[in-house]
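Colleague: attaching a predicted model along with its sequence, questions to come.
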Amino acid sequence: MDAITVTNLVKRYPHTLAVDDISFTLPQGGVLGLLGGNGAGKTTTISMLLGLLVPTSGQITVLGHDIARDRFKALERMNFSSPYIALPARLSVEENLRVYGHLYNVPNLRRRIAELTGQFHLGALLARPAGELSAGQKTRVALAKSLINKPDLLLLDEPTASLDPDTGDYVRTMLEAYRAETNAAILLASHNMAEVERLCDTVLMLKAGKIVDQGTPDALIARYGREDLEQVFLDIARREEP
Ligand SMILES: Nc1ncnc2c1ncn2[C@@H]1O[C@H](COP(=O)(O)OP(=O)(O)OP(=O)(O)O)[C@@H](O)[C@H]1O
């Protein structure tokens, strides 16, 4: 079964066509990269996949459930991390993980929190209010929260944006291991092309809300005659669209 099927999705704001008739699928176990410059429509697309924003038109099916009618059935099997959605600031890191764990009805929550504390090196942060953490520390907590219910689908908006190179590399290794262990599907919006090349098996290039190219990172690099995805991204960003 596909983890995500999006058909003719449109989101129109009063002054902007943020998502302009896009269609794609993400198979279970796949990792899909959503790429595009600032304002291309990545966050809007992710918000619609989560059911936080209502599409102007189009259909979204997540883990077999129509998001317009049945989103709570899908939401319990998915999770997300985004720098744009803050964790409750006054709760400690541990309280945050506990609250989210209860929201998702996680069995053996104490053990799950201990596992994530180890994986994300959160031991020294557990007692601190989430609002007092540095950007990179918040990102690590948000990623731990995103795995609390062992989701079958993980939506990640800029998952490593504020992490130092060492921690970013560690987190990428963890995401690869999580996918390999669980066959989860991952949708990743990122401006880090090396990260996308490493993690994603398929990439969608968005520009002004439209999919202007797509393929595996290797196929795109070959098609544009380039050496890496960063150069492909620049070619696409700088060309005039018809
Ligand atoms: N709440 C809103 N009201 C009006 N327009 C919006 C709103 N949210 C986003 N937009 C517009 O929709 C377009 C897509 O924005 P979106 O945040 O999805 O882009 P993005 O690809 O995630 O960009 P970035 O890389 O900068 O995060 C932009 O032109 C933006 O100005």
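Modeller: Ah, there it is.

Colleague: what's the neighbour count on residue 114?
Modeller: Per other Cβ atoms under 10 Å, the neighbour tally for residue 114 reads 13. All C-beta spots, glycine's among them, are computed from the backbone N, C-alpha and C.

Colleague: mind checking what secondary structure it has?
Modeller: Under DSSP: H, G, I helix; E, B strand; the rest coil, the three-state class of residue 114 is helix.

Colleague: need the three-state assignment for the most centrally placed residue in the chain.
Modeller: Central residue of the chain (Cα atoms, centre = their mean): residue 156, 1.6 Å from the mean position. Recorded secondary structure, residue 156: strand (three-state DSSP).

Colleague: got a list of what it touches?
Modeller: Shown in contact with residue 156 (Cβ atoms under 8 Å, 6 or more residues apart in numbering): 80-82, 143, 146, 175, 186-190.

Colleague: gap between it and residue 42?
Modeller: In this view, residue 156 and residue 42 are 11 Å apart by Cβ to Cβ, to the nearest Å.

Colleague: so what sits against both of the two?
Modeller: Contacts common to residue 156 and residue 42, judged by Cβ under 8 Å, 6+ apart, are residue 189.

Colleague: what's the neighbour count on residue 25?
Modeller: When neighbours are counted by other Cβ under 10 Å, residue 25 registers 14.

Colleague: next, give phi and psi for it.
Modeller: Phi and psi for residue 25, reported as degrees, to the nearest 10, are phi -130, psi 150.

Colleague: what's near enough to touch residue 24?
Modeller: Here residue 24 is in contact with 4, 6, 32, 204, 211, 214 (Cβ under 8 Å, 6+ apart).

Colleague: is it fair to say it lies in a helix?
Modeller: No. For residue 24, which was evaluated using three-state DSSP, the result is strand, with no helix membership.

Colleague: before we move on, the earlier item: the residue nearest to the centre of the chain pairs with what?
Modeller: Judged by DSSP bridges, the bridge partners of residue 156 are residue 81, residue 188.

Colleague: on that earlier part again, between the contacts of residue 24, which is nearest the ligand?
Modeller: Using Cβ to the nearest ligand atom, residue 204 comes nearest to the ligand of the contacts of residue 24, at 11.4 Å.

Colleague: how near is that closest one to residue 127?
Modeller: Distance from residue 204 to residue 127, counting by Cβ to Cβ: 41 Å.

Colleague: try residue 85
Modeller: Residue 85 is 23 Å from residue 127, by Cβ to Cβ.

Colleague: burial count for residue 80?
Modeller: By other Cβ under 10 Å, 22 other residues sit near residue 80.

Colleague: which non-adjacent residue is nearest it?
Modeller: Closest residue in space to residue 80, ignoring its immediate chain neighbours: residue 155 at 4.0 Å, by Cβ to Cβ, 6 or more residues apart in numbering.

Colleague: just checking, that neighbour touches residue 47?
Modeller: No. Between residue 155 and residue 47 there is no contact under Cβ atoms under 8 Å: 9.5 Å.

Colleague: to the chain's geometric centre, what's the distance from the longest helix seen in the chain?
Modeller: Longest helix in the chain by number of residues (criterion: DSSP state H): helix 165-182. Centroid separation for helix 165-182 versus its chain: 14 Å, with Cα atoms, centre = their mean, to the nearest Å.

Colleague: tell me the mean pLDDT over that helix?
Modeller: Summarised as a single mean, pLDDT over helix 165-182 is 91.
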